[in-house]
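In: here's my sequence, what's the structure:
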Amino acid sequence: MDVRVTSAGLRLAGEPASGHGVDVLGTRGIDLSAHRSRIVDRELLESTDLVLAMAREHLREAVLALPDIWPRAFTLKELVRRGETIGPRAPGESVGQWIARAHSGRNRQDLLGSSSTDDVEDPIGLDRSAYEKTADELSDLVDRLVDLLWPPAAEETG
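Out: Prediction:
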């Protein structure tokens with residue numbers, strides 16, 4: 001299965017990645033030197049199957065821009081937490097069906113405020129060690145999500 005990943009934020013467009021971000025991800029084999037920021041908008045959201053936000057603030061803005069995105073928009077921490085509760089994608093279950101199961105029981109009121117349970121701290125403006133900590137956290141969360149979405153048993157049946 002091919003996966004296409006894009007990135008967008010709330011405040012700046014056309015800005016390069018921070019020096020610490022480029023350095024820290026460079027040591028992990030990810031080249032951010034050509035990256036330029038862009039603002040999340042309705043058009044970008046309409047073309048997505050899944051929206052993952054670093055923080056509730058970002059998730060709120062996505063849902064405000066396109067309310068219909070709610071069932072398939074989560075903070076990364078929230079989706080991993082919910083996914084670990086419902087279990088990995090079952091044989092024959094589509095990614096969309098698994099996301100729908102993960103969405104079950106969510107409440108839009110959970111978008112209010114901020115939460116260390118749901119938010120990954122943005123290291124912008126902090127020192128390199130903060131970027132390393134954030135990169136470690138994101139790497140762990142992404143690995144856990146991949147294991148939930150593409151477990152060996154689900155792949156056997158397509």
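In: how close does the spatially most central residue of the chain get to T6?
Out: With distances taken as C-alpha atoms, centre = their mean, L52 lies nearest the centre of the chain, 2.7 Å away. Distance of L52 to T6, given as C-beta to C-beta, to the nearest Å: 11 Å. To be clear about C-beta, it is placed using only N, CA and C from the backbone, and glycine gets the same treatment.
In: on that earlier part again, not counting its neighbours along the chain, what's nearest the residue nearest to the centre of the chain?
Out: Closest residue to L52 apart from its sequence neighbours, by C-beta to C-beta, 6 or more residues apart in numbering: L76 at 4.7 Å.
In: how far away is that neighbour from T117?
Out: Counting by C-beta to C-beta, the gap from L76 to T117 is 12 Å.
In: the two: who's more crowded?
Out: The residue with more neighbours, out of L76 and T117, is L76; 21 against 11, by other C-beta atoms under 10 Å.
In: off-centre distance for the lengthiest helix in the chain?
Out: Ranked by residue count, the top helix of the chain under DSSP state H comes out as helix 128-149. Centroid separation for helix 128-149 versus its chain: 10 Å, with C-alpha atoms, centre = their mean, to the nearest Å.
In: and stretch 67-82, by the same measure?
Out: Using C-alpha atoms, centre = their mean, the offset of stretch 67-82 from its chain centre is 8 Å.
In: go on, stretch 41-61?
Out: Using C-alpha atoms, centre = their mean, the mean C-alpha position of stretch 41-61 is found 9 Å from that of the whole chain.
In: pLDDT score assigned to L112?
Out: pLDDT, the model's per-residue confidence, is 85 for L112.
In: can you tell me which residues contact it?
Out: Neighbour list for L112: R56 [criterion: C-beta atoms under 8 Å, 6 or more residues apart in numbering].
In: so the residue nearest to L52 touches V142, yeah?
Out: Yes: between L76 and V142 there is a contact at 7.4 Å, judged by C-beta atoms under 8 Å.
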